[in-house]
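Peer 1: here is a sequence with its predicted model. Questions after.
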Amino acid sequence: MAALVATAFLPLFTEDAGALAIPFALFHLAVAGFIAWTLFGTAYRIGDDAILVRSGPFRWRIPLGAIVSVTPTRNPLSSPAVSLDRLRVAYRAARGERALMLSPADKAGFLAELAARCPSLRLAGDRLLPSRAAPS
């Protein structure tokens, strides 16, 4: 991030700083600001009926009743997670099963609270799996 900000101003201090130097600097600052907003503006909250996810300008709402499983992952794909130590939340959506990766600071507490609010899931170590059906 610091390198991005530093390179934004580099053309301003060269002898041949042309007409593009200021737009170049403004573009780099805008990109750095967006990255900072996304990183520092990432939060997760378990509401009464959904997990509410915010990451910069992006918002997600995962209904608790739609969650299929929550498993640990280190998948580097883009997601509202600021760490590679993530939880993959699989859930049912209108267009089939979807997943979102989150990185709550207190993974164990996050899983315990979700398990308490989702009767269809059971805590199994470091993950939430579908509850076993009662024997008939």
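Peer 2: Nice, thanks for sending it over.

Peer 1: make it CA atoms for all contacts and neighbour counts henceforth
Peer 2: Noted.

Peer 1: just the buried residues of the longest helix along the chain, please?
Peer 2: Assignment by DSSP state H gives helix 21-40 as the longest helix of the chain. Across helix 21-40, burial judged by 16 or more other CA atoms under 10 Å covers 21, 24, 25, 28, 29, 31, 32, 38, 39.

Peer 1: in TSV: those, plus pLDDT.
Peer 2: Below are those laid out as TSV (pLDDT from 0 to 100):
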residue	pLDDT
21	72
24	75
25	76
28	76
29	79
31	82
32	80
38	72
39	70
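
Peer 1: so which of those residues is the closest to residue 104?
Peer 2: Closest approach to residue 104 among those (CA to CA): residue 39, at 12.9 Å.

Peer 1: output the longest helix of the chain as CSV, restricted to C-alpha atoms.
Peer 2: Taking Å, rounded to 0.1, in the frame of the first residue of the first chain, the C-alpha atoms of helix 21-40 are listed here in CSV:
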residue,chain,number,x,y,z
ALA,A,21,1.9,13.4,-13.8
ILE,A,22,-1.0,14.8,-11.7
PRO,A,23,-3.7,12.4,-13.2
PHE,A,24,-1.3,9.5,-12.7
ALA,A,25,-0.8,10.5,-9.0
LEU,A,26,-4.6,11.0,-8.5
PHE,A,27,-5.3,7.6,-10.1
HIS,A,28,-2.8,5.8,-7.8
LEU,A,29,-4.2,7.6,-4.7
ALA,A,30,-7.8,6.6,-5.7
VAL,A,31,-6.7,3.0,-6.1
ALA,A,32,-4.8,3.1,-2.8
GLY,A,33,-7.9,4.6,-1.1
PHE,A,34,-10.2,1.9,-2.5
ILE,A,35,-7.9,-0.9,-1.3
ALA,A,36,-7.6,0.7,2.1
TRP,A,37,-11.4,1.1,2.3
THR,A,38,-11.9,-2.5,1.3
LEU,A,39,-9.3,-3.8,3.8
PHE,A,40,-10.1,-1.7,6.8
